[in-house]
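> The amino acid sequence is not available; the structure is as follows:
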């Protein structure tokens, strides 16, 4: 079964400093991986996706993630955090059949001034 | 971009009543729609996969007689919570996959917050 593990439930960074949100995946084949962001009282927004093309994926709002097969990781990074980045972030893997998605437990990102 | 709407955005109902939630793809046709449930401070859990014109596939532990799903057209799926109880209070989110696309083109609705008193 395809699954993801988000290693941190909460991450706190200062504005202007780098962001690292960690995600490891488990899959019996080459997975499709995604990062979604959920702001309070808003719908899920796709940040970026990996679908077996380039291993370094660039997304919206300056976020990027690198697929590392040897480490089974797909960590999300951003060089400089902005206050508006404070939200819940989900690492997601697609399920083999039916295209359903398995969500990680989420990482709550706090950005302090 | 593709838009998925949900109606209502929030609903409060009495215990024992039924509640219907609509999920619509506004500018594309969706062969498959998914229903998720999210408890406060928790992740999304897939409840069921709904294919247009066929019966929904429910995840283990989800009661199909309690959570009725209908996907009668390529742009509309409904989730009916029957005989709702306080433990059914949650945030329900749908997503839609457009025709001929992979998982990467799923679009999420804004969610429906259900409170059962």
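All right, it came through fine. Note that this is a predicted model, so its numbers are computed, not measured.
> So which bits of chain A are right by chain B?
Residues of chain A lying close to chain B by CB under 8 Å from any CB of the partner chain are A:32, A:34, A:36, A:42-45, A:49, A:51, A:90, A:94-95, A:98-106. Every C-beta, even on glycine, is put in place using the N, C-alpha and C of the backbone.
> For the residue nearest the centre of chain B, which residues are in contact?
In chain B, the centroid-proximal residue (CA atoms, centre = their mean) is residue B:35; its distance is 3.6 Å. When contacts are counted by CB atoms under 8 Å, 6 or more residues apart in numbering or on different chains, residue B:35 touches B:23, B:46, B:47, B:48, B:50, B:67, B:69, B:77, B:79, B:92, B:93, B:94.
> hmm, 7 Å instead?
For residue B:35, the contact set (CB atoms under 7 Å, 6 or more residues apart in numbering or on different chains) comprises B:47, B:48, B:50, B:69, B:79, B:92, B:94.
> Quick check: the gap between it and residue B:70.
Distance from residue B:35 to residue B:70, counting by CB to CB, to the nearest Å: 11 Å.
> and stretch B:87-106, what's its mean pLDDT?
Over the span of stretch B:87-106, the pLDDT mean works out to 81.
> which outside residues touch it?
Residues outside stretch B:87-106 that contact it (CB under 7 Å, 6+ apart): A:32, A:49, A:51, A:94, A:99, A:101, B:2, B:4, B:6, B:21, B:23, B:25, B:28-39, B:44, B:77, B:79, B:81, B:107-109, B:111-116.
> Strands - which of the residues you listed land there?
In strands, judged by DSSP state E, the following of those are found: A:49, A:94, A:101, B:4, B:6, B:21, B:23, B:25, B:30-38, B:44, B:77, B:79, B:81, B:107-108, B:112-116.
> Do a quick rundown of the strands in chain A.
A:3-6, A:10-14, A:19-21, A:23-26, A:33-38, A:44-50, A:56-58, A:64-68, A:73-78, A:87-94, A:101-103, A:107-112.
> Same list, those strands, but as TSV with distance to residue B:55 and mean pLDDT please.
Formatted as TSV, those follow (distance: least, CB to CB, whole Å; pLDDT from 0 to 100):
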stretch	distance to residue B:55	mean pLDDT
strand A:3-6	26	93
strand A:10-14	40	97
strand A:19-21	38	98
strand A:23-26	30	94
strand A:33-38	27	93
strand A:44-50	26	90
strand A:56-58	36	94
strand A:64-68	36	95
strand A:73-78	34	97
strand A:87-94	22	93
strand A:101-103	21	89
strand A:107-112	36	96
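> which residues of chain B score low on pLDDT?
Within chain B, the stretches with pLDDT under 70 are B:1, B:99-104.
> near chain A, which residues of it?
Neighbours of chain A within chain B, by CB under 7 Å from any CB of the partner chain: B:32, B:34, B:43-44, B:46, B:49, B:57, B:97, B:102-104, B:106, B:108-111.
> Buried ones among those residues?
B:32, B:34, B:43-44, B:46, B:49, B:57, B:97, B:103-104, B:106, B:108-111 (16 or more other CB atoms under 10 Å in any protein chain shown).
> Quick one: residues contacting residue 109.
Since you didn't name a chain, this refers to chain A. The contact partners of residue A:109, taken as CB under 7 Å, 6+ apart, are A:11, A:19, A:21, A:85, A:86, A:87, A:89.
> try again with chain B
Residues in contact with residue B:109 (CB under 7 Å, 6+ apart) are A:43, B:4, B:5, B:6, B:23, B:93, B:94, B:95.
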